[in-house]
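>>> fold the following.
(one chain, ligands or ions: 1)
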Amino acid sequence: MPFAAITGWGTALPERVLTNHDLESMVDTTDEWIVSRTGIRERRIVGDHESTTSLATAAARAALEKAGRTPDEIDLIVVGTATPDDFLVSQACLVQAELGGSAGAFDVGAACAGFVTALSVGSQFINADVYHRVLVIGVDTLTRYVDYTDRSTCVLFGDGAGAVVLERSTEKRGLLSTVLGADGAGYKHLYVPGMANLVPESADLFPEYRPYLQMNGKEVFRFAVQVMGDAAAAAIAKVGIGFDQVDMLIPHQANLRIIDAAARRLDLPRDKVWVNVDRLGNTSAASVPIALAEAADSESIKEGDNVVLVAFGAGLAWAAGLVRWGTAGI
Ligand code: UT7
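Below is the predicted model of the structure:
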């Protein structure tokens, strides 16, 4: 069976930084509350000149450059996102419009678990020997759906994009196991009730209506602590290795307390857990690929390392996988 090694990676972040101190002047909150409950200190927020497409395209270009590939060498583009710029045209097609090429292009909807799910989908096209090179992107601009008068949600989210290039390898590299799960009955703990006024035409039709993210934080927290540990442990077990053979955990960056709980469940010391939630907040589907790219850029993961990815989010859905890092066998 061919394997799907990760040969390139890249990220893109909005220019605007929103700090906890900025939020103190917007809602009834404090830096102390936000840091102690979430670990977040600042996040990046899209401006008028930025979009899901612009972030995803920039991350994709960086990943292609790292892999030494051009868009016309890519067979398939898979995007994990919950915040596409258009509801009819897939975000993957909007990215392709910018990049060029004629690869197949479609989206995967699994909210914050979107990138890990998309990585699993993209990898399987290579494992099945259907395609040789796949571009996988995790991107979200969830702050467009955040109510900046609601302190219980507006402090949590940021925007961003991360991308990887997958290439056919003869060595055991890339995603070696996948664990997907969902509790659809719990969807009302985290959802956006309709998105009717995303486009200006419908904003005129429904001037009072704003599609803001609704969340039952306590329920999501409970769910997250449970599934992050369980799904990561299952992904490791599927490859037949022990927790002590894990070199790096790349968890969804929603809350430092949730990340710490997952690390404890796997018995991993802090230096084997990637954390950037303090700088970026919860970037939804972008959080895992951004963290993975940061770990790779800082050479904190190396050829042959076992890297565990795990994410949870709206759905309620979760996804985990074990990646063997490196480009052997390309
Ligand atoms: O990708 C998935 C996205 N979602 C998540 O990951 C969310 C998971 N849940 C969480 O991370 C946590 O539940 C939160 C960080 C959202 C909240 O932390 P908590 O420890 O569960 O706080 P809480 O909701 O129980 O609220 C405690 C208090 C409440 O006040 P009272 O009722 O005790 O007087 C809240 O009104 O904190 C208040 N509060 C705030 N205070 C200052 C809620 N938000 C804020 C805030 N600043 N931003």
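>>> isn't residue 194 right up against residue 211?
Yes: between residue 194 and residue 211 there is a contact under C-beta atoms under 8 Å: 5.3 Å. The C-beta positions use only the backbone N, C-alpha and C, and glycine is treated the same way.
>>> which SS class is residue 113?
Three-state assignment for residue 113 (DSSP: H, G, I helix; E, B strand; the rest coil): helix.
>>> which ones are touching it?
Going by C-beta atoms under 8 Å, 6 or more residues apart in numbering, residue 113 touches 80, 180, 252, 285, 311-313, 315, 317-319.
>>> now swap in residue 324 and tell me
Residues in contact with residue 324, defined by C-beta under 8 Å, 6+ apart, are 172-174, 176, 304-307.
>>> of the contacts of residue 113, grab the buried ones for PyMOL.
Here is the PyMOL command that selects the buried residues among the contacts of residue 113 (16 or more other C-beta atoms under 10 Å):
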select buried, resi 80+180+252+285+311+312+313+315+317+318+319
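>>> between residue 194 and residue 211, which one's more packed in?
The residue with more neighbours, out of residue 194 and residue 211, is residue 211; 18 against 11, by other C-beta atoms under 10 Å.
>>> buried residues in the longest helix belonging to the chain?
Longest among the helix segments of the chain by residue count, using DSSP state H, is helix 217-239. For helix 217-239, a neighbour-count test (16+ other C-beta under 10 Å) marks 220-221, 223-225, 227-236, 239 as buried.
>>> same for the next helix or strand after that helix, what does it pack against?
Going down the chain from helix 217-239, the next helix or strand is strand 248-251, by DSSP states H and E. Judged by 3 or more C-beta pairs under 8 Å, 6 or more residues apart in numbering; DSSP states H and E, strand 248-251 is in contact with helix 217-239, helix 256-265, helix 287-297, strand 306-313.
>>> for the protein, what spans make up the strands?
Using DSSP state E, the strands of the chain run over 3-12, 16-19, 42-45, 76-80, 104-108, 133-140, 160-169, 174-182, 190-191, 214-215, 248-251, 306-313, 317-324.
>>> using CSV, lay out the ones you listed together with mean pLDDT and distance to residue 126.
As requested, the strands of the chain are exported to CSV (pLDDT from 0 to 100; distance: least, C-beta to C-beta, whole Å):
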stretch, mean pLDDT, distance to residue 126
strand 3-12, 98, 4
strand 16-19, 98, 37
strand 42-45, 98, 32
strand 76-80, 98, 9
strand 104-108, 98, 13
strand 133-140, 98, 6
strand 160-169, 98, 5
strand 174-182, 98, 8
strand 190-191, 94, 32
strand 214-215, 94, 36
strand 248-251, 98, 20
strand 306-313, 98, 17
strand 317-324, 98, 13
